[in-house]
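[1] Build the 3D model from these lines:
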Amino acid sequence: MRKELFSLTTVCLASLFLSIQVTSAEEQVDIDKNWILVSLHLHTMDNPGYHHSPFNPNPPISYSVEGFHDIAAQARSAGVKGLVFTDHHSVGIGFDPVFSQTKDLILVLGMEWTSKDGHMNLVRYHPQSPRDILLPPDPSERQPTEPYAYPSVISEVQRRGGIAIINHPESPNHRWPENTFRADAVEVYNGPCSHISFWQRRLKESIKITAVGGSDYHSWDVFKKRPISPQRNSVVRPVNLVWTGGERSPEAILDGIRQGRVVVLSSPAAPRIFLRVDRNLDDKFEDGREGDTLRFSRGRKAQVSMQIRVVDGAEGVLELIDRGDVFKTLPVTQSEFVHELNYTVHPDPNGFLYNFVRAQVRRDGELAISNPIYLESAP
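    Numbers count the residues shown, from 1 in each chain. I've put the predicted structure just below:
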């Protein structure tokens, strides 16, 4: 066993390296039972003429049943169980009989709010009809978005029981402001495009927001009457592993996202990564997991032990990341792998402390990104 000590500005951490078989039959059952693959940000069609002018919604041109079937078929073939549909300024697919008649998939209804200065998915806000859509001040995307528009629609979605997900925040054409406006989640990958740096900046600012991956797949071409060739993405690239605690329902998916219990995968073939924390230092690792916040008395240091489990990551690279960015990189030496980390955060001169630990694994072009475990002072 080898022990190393690393010093950061406000953090001292001792890291113990272990490489053992960790995925017992019992643990594999836990993964299969409590986690499901969910694809977010799915469009049944591509029709800018509609979503730039949706003032008189016309269901036949705001969604596509053919596109729905295309997406569902891709999901089934990849083992994806949950699908979140977010057509531009349309919830029409949720009121088509095909939606309620599909029983083998967990279907979640949403829409993509599309403004010049930012897009977001409004998920499961319980629209009452196809015309119950929440629009930005200028859906045509010609005028700058007024600052009030972001928190206004986010609070309305949350009031109605839904969640708001910031889409592709660093897109050159639709760059989101450097503010989350209390949204529930943010895309750290949109198709193949990374937006991790936006998320990392928010985490450093002590803003807790769940990382997710959004496919942004557009299926049906309403003019050519055929599926659009997936040039830059597909239904399952990226995809999300969401903790539902064994429940299979739209609300369980939303709860998993709200709680930060999401692992973003570049595809279903990516490694899996799981975090557990041992606050009592009794080697049980039962005191928290990804998305959880552990609070400590003001003025006192936080000392915990964390366990990072990697499944199907052999020959990959594990990176551990906190407020100081990547603080450790190590090889994943076998398919089932565990790393245990003794981690200490010291308070600042005012007695407050805040940090987080998250992890990611790279292997053969695939990537898995965990959400963080947070450590902070009690109020």
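[2] Could you use CA atoms for every contact and neighbour count after this?
    Will do.
[3] Assign a three-state SS to the residue nearest to residue 100 when sequence neighbours are not counted, would you?
    Spatial nearest neighbour of residue 100, excluding adjacent residues (CA to CA, 6 or more residues apart in numbering): residue 94 at 7.7 Å. Under DSSP: H, G, I helix; E, B strand; the rest coil, the three-state class of residue 94 is helix.
[4] Number of residues surrounding residue 94?
    20 (other CA atoms under 10 Å).
[5] you'd agree it is up against residue 109?
    Yes - look at residue 94 against residue 109 with CA atoms under 8 Å: they come within range, at 5.9 Å.
[6] now the helices for the stretch 251-379 of the chain?
    Taking DSSP state H, counting those that start in this stretch as the criterion, the stretch 251-379 of the chain contains no helices.
[7] I meant to write the stretch 1-150 of the chain there.
    25-34, 48-51, 59-62, 65-78, 97-101, 149-159.
[8] Out of those, flag the one nearest residue 218.
    helix 65-78 (8.2 Å; CA to CA).
[9] The closest one - contacts with which helices or strands?
    strand 35-46, strand 210-221 (3 or more CA pairs under 8 Å, 6 or more residues apart in numbering; DSSP states H and E).
[10] Just want the angle from the last one to strand 35-46.
    So that's strand 210-221. Angle of strand 210-221 versus strand 35-46, following axes from the mean of the first three to the mean of the last three CA atoms, to 10 degrees, is 40 degrees.
[11] mind checking how far strand 210-221 is from the chain centre?
    Averaging C-alpha positions (CA atoms, centre = their mean, to the nearest Å) puts strand 210-221 12 Å from its chain's average.
[12] which helices and strands sit right next to it?
    Judged by 3+ CA pairs under 8 Å, 6+ apart, the packing partners of strand 210-221 are strand 35-46, helix 65-78, strand 185-190, strand 226-227, strand 239-243, strand 262-265.
[13] Could you list the buried residues of that strand?
    210, 211, 212, 213, 214, 215, 216, 217, 218, 219, 220, 221 (16 or more other CA atoms under 10 Å).
[14] tell me the domain boundaries of this protein?
    Taking automatic domain parsing as the reference, the chain has its domains at 3-24+271-377, 29-265.
[15] distance between the first one and the chain's centre?
    Computed by CA atoms, centre = their mean, the separation of domain 3-24+271-377 from the middle of its chain amounts to 19 Å.
[16] ok so, going back, mind putting the helices and strands packed on helix 65-78 in TSV, distance to residue 293 included?
    Converted to TSV, the helices and strands packed on helix 65-78 look like this (distance: least, CA to CA, whole Å):
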stretch	distance to residue 293
strand 35-46	20
strand 210-221	13
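[17] Nearest approach to residue 130 belongs to which of the ones you listed?
    strand 35-46 (14.9 Å).
[18] and that closest one, which strands flank it?
    strand 82-88 (parallel), strand 210-221 (parallel), strand 239-243 (antiparallel) (DSSP bridges).
[19] Report the inter-axis angle for it versus strand 185-190.
    For strand 35-46 against strand 185-190, the angle by the same axes, to 10 degrees is 80 degrees.
[20] Report the mean confidence score over strand 35-46.
    What strand 35-46 shows for mean pLDDT is 95.
[21] what inclination does it have with respect to helix 65-78?
    Going by the same axes, to 10 degrees, strand 35-46 makes 150 degrees with helix 65-78.
[22] Which residues are in contact with residue 374?
    Contacts for residue 374 (CA atoms under 8 Å, 6 or more residues apart in numbering) come out as 291, 292, 293, 294, 354, 355, 356, 357.
[23] Let me have those residues in a markdown table, adding pLDDT as columns.
    Shown next, in a markdown table, are those (pLDDT from 0 to 100):
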| residue | pLDDT |
| --- | --- |
| 291 | 98 |
| 292 | 98 |
| 293 | 97 |
| 294 | 96 |
| 354 | 96 |
| 355 | 96 |
| 356 | 97 |
| 357 | 97 |
